[in-house]
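# pasted the sequence and its predicted model underneath.
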Amino acid sequence: MSRSRPAMSPSRSASAIVADKTEGYHFLTIHDYSRTKGIPTGEGIGSQPFTVGGHRWCIYYYPNGDRSEAADYVSFSLELEEEDGATAVKAQFRFCFAGEEEEAKQAALLALASADEFTSRGRWVCTKFINRKVLENSKHLKNNSFMVRCDILVIHRYRSTDNAVAYVSVPPCDSSQDFGELLETEKGADVVFEVGDETVAAHRCVLVARSPVFAAELFGPMKEGNVAAAGVVRLEDMEMEVFKALLRYAYTSSLSLQGMANDHITCRKILVAADRYGMGRLKLICEEWICECINVDTVVTILALAEQHHCEGPKQACFDFLADPAKLRAVMVTSGFQHLWESCPSLMMELMDMCLPH
C-alpha cells in the first residue's frame, strides 16, 4: 500500500521598495510678535538659511498670511535656496509649535505627508498655520514670543531591497518614557531634595549615572555634608522650576520650556544649573536655544552669561549680532552695556577689537 507524500509548504520570499532619505528640523523663534503684526499681508520675513539632506533651506514667516484669503492667519513657507537653478529636490515637510507633545505628533504626521518636488527659489506654503486670535490666547505665545519647528525629510532615491519575512515586530525603545514615569510616580525614590519651600523625590542611581556632581554629593566624599540621615538634600540658590527641568532631563534626556513663565530667562537659569552639575549636553541644548533669543534687549545679559560659563557658541552669536553697527549703537546706550564694560573690561576689549577695522 503506497503512502501519500506530505504536502510541501509553498516557498516564501519578500522584497521591499525603500527610500534613501535624510531627516532634519529647524527651530524658528518669533520675538516681539505684536510688532510684526504691522507687516502687510503677503510679505514674509526669512529665517537664517540652514541645511538638511545636503540642501540649503529657508523658512519665511508671514504674520498676516501669505495671501488675502489668509489675512487672519499666521503663515509659514519653506523655500529651497540653491545656487543651481535647475536643482529639483523631493521632500516632505511639516510645521508645528515647539513642544514635546506637538513634536511627538509631528513625527507621525510627517510620515503621512505627501512628498513635494522643490525647485530652487520655489516656495511651499503652510497658509493657515494658526489663526492670530487663537495664537494670542494660546499657551504657545509667551512674553510676546513663540517658537515653531519645521521638520524636513529629503528623499534622495528609491530602491529595491531584500526583505526577510518579519515574524516579530520590535517597537522603538521607550526607555525615556519609562524613566519619565518613574520620576513622576516617585516609585522607589530614595532621596528627597528641598528647594525653597518645596520638595521633590528622586532616585540616586539615576542621578549618579547622569551627573558627576550628583555622584559626589550622593555617594562620594561630599556625601556627609550634603545628605542628611533621612536622605534629604537641601539646595540653595535654585528655583524648583529649574531643578525640575534638570531632573526631567536626567531621566528622559529631553528639555521642554513649554508652559514656563519667561522661558528665555528660565533657559538661562537651566544652563547655569547644567554647568553646576556637569551635565554637558543639557548645557549645549540651552546654549543652542539661547542663540535664538539674542536681540538688543538680551544680548548684554547673554554675553555676560556666555563669558562666565564658557559658552563659546552664544558668545560668538552675540559678537556676530553686535557686528552690525546699528545694533551695536543701540546696545551701547543701555545701562547693561555700561555695567558689562566696568565688570568685564577684557570681554569689552575683545568686542571692540572685533568691531574695529583691521
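Here it is on my side, so go on. Residues are numbered from 1 along each chain as shown.

# switch to C-alpha atoms for all contacts and neighbour counts from now on
Will do.

# where does pLDDT dip in the stretch 201-350 of the chain?
221-230, 257-262 (pLDDT under 70).

# can you show me the strands along it?
For the stretch 201-350 of the chain, the strands defined by DSSP state E, counting those that start in this stretch cover 232-235.

# tell me where it has helices.
In the stretch 201-350 of the chain, helices defined by DSSP state H, counting those that start in this stretch lie at 204-210, 212-218, 223-226, 240-252, 263-276, 280-291, 299-308, 312-322, 325-332, 335-343, 345-355, listed in chain order.

# show me what the first one is in contact with.
Contacts of helix 204-210 from elsewhere in the structure, counted by Cα atoms under 8 Å, 6 or more residues apart in numbering, are A189, D190, V191, F214, A215, L218, A250, Y251, M279.

# how about stretch 306-314: buried residues?
A306, C311, P314 (16 or more other Cα atoms under 10 Å).

# can you put the contacts of helix 204-210 in TSV and add neighbour count and distance to F129?
Supplementary listing: these in TSV, determined by neighbours: other Cα atoms under 10 Å; distance: Cα to Cα, whole Å:
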residue	neighbour count	distance to F129
A189	15	43
D190	14	46
V191	18	45
F214	20	43
A215	20	46
L218	22	48
A250	23	34
Y251	23	33
M279	19	36
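
# one step back: F118 is nearest to which of the helices of the stretch 201-350 of the chain?
Across those, F118 has its closest neighbour in helix 280-291 (28.3 Å, Cα to Cα).

# show me which residues of that closest one are buried.
In helix 280-291, counting by 16+ other Cα under 10 Å, buried: L282, K283, L284, I285, C286, E287, W289, I290, C291.

# can you list the domains in the chain?
17-161, 173-293, 294-358 (automatic domain parsing).

# those domains: which one's closest to P10?
Here domain 17-161 is closest among the domains of the chain (Cα to Cα), at 21.7 Å.

# what mean pLDDT would you report for the closest one?
In this model, domain 17-161 has a mean pLDDT of 85.

# just to revisit the earlier point, relative to S176, which of the helices of the stretch 201-350 of the chain is closest?
Per Cα to Cα, nearest to S176 of these: helix 240-252, 4.4 Å.

# what's that closest one packed up against?
helix 175-185, helix 204-210, helix 263-276 (3 or more Cα pairs under 8 Å, 6 or more residues apart in numbering; DSSP states H and E).

# can I get those in TSV with mean neighbour count and distance to W57?
Formatted as TSV, the helices and strands packed on helix 240-252 follow (neighbours: other Cα atoms under 10 Å; distance: least, Cα to Cα, whole Å):
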stretch	mean neighbour count	distance to W57
helix 175-185	15	31
helix 204-210	16	36
helix 263-276	20	26
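
# between the ones you listed, which one is nearest to L80?
Of all those, helix 263-276 sits nearest to L80, with 29.9 Å by Cα to Cα.

# list the contacts of the closest one.
Residues contacting helix 263-276 (Cα under 8 Å, 6+ apart): 142, 213, 238, 242-243, 245-246, 257, 260, 280, 282-283, 286-287, 289-290, 293, 305, 309.

# closest to S47 out of the buried residues of helix 280-291?
C291 (13.5 Å).

# hmm, F319 and that closest one touching each other?
No: when contacts are counted by Cα atoms under 8 Å, C291 is not listed as touching F319 (11.2 Å).

# tally of neighbours for G196?
13 (other Cα atoms under 10 Å).

# next, it: phi, psi?
phi 60, psi -130 (degrees, to the nearest 10).

# contacts only, for it.
L235, E236, M238, E239, M240.

# can you flag the buried ones in those?
For those, buried by 16+ other Cα under 10 Å: M238, E239, M240.

# coming back round to it: closest to E23 out of the helices and strands packed on helix 240-252?
Closest among those, using Cα to Cα: helix 175-185, at 21.2 Å.

# name the residues that touch that closest one?
A201, A202, H203, R248, Y251, T252, S253.

# quick revisit: the helices of the stretch 201-350 of the chain: which one's closest to S47?
Taking the helices of the stretch 201-350 of the chain one by one with Cα to Cα, helix 280-291 is closest: 13.5 Å.

# and the angle for that closest one with helix 240-252?
130 degrees (axes from the mean of the first three to the mean of the last three Cα atoms, to 10 degrees).

# show me how far helix 280-291 is from its chain's centre.
Centroid separation for helix 280-291 versus its chain: 9 Å, with Cα atoms, centre = their mean, to the nearest Å.

# check stretch 114-132 too.
The answer for stretch 114-132 is 22 Å, by Cα atoms, centre = their mean.

# and I39, helix, strand or coil?
For I39, the assignment made with DSSP: H, G, I helix; E, B strand; the rest coil gives coil.
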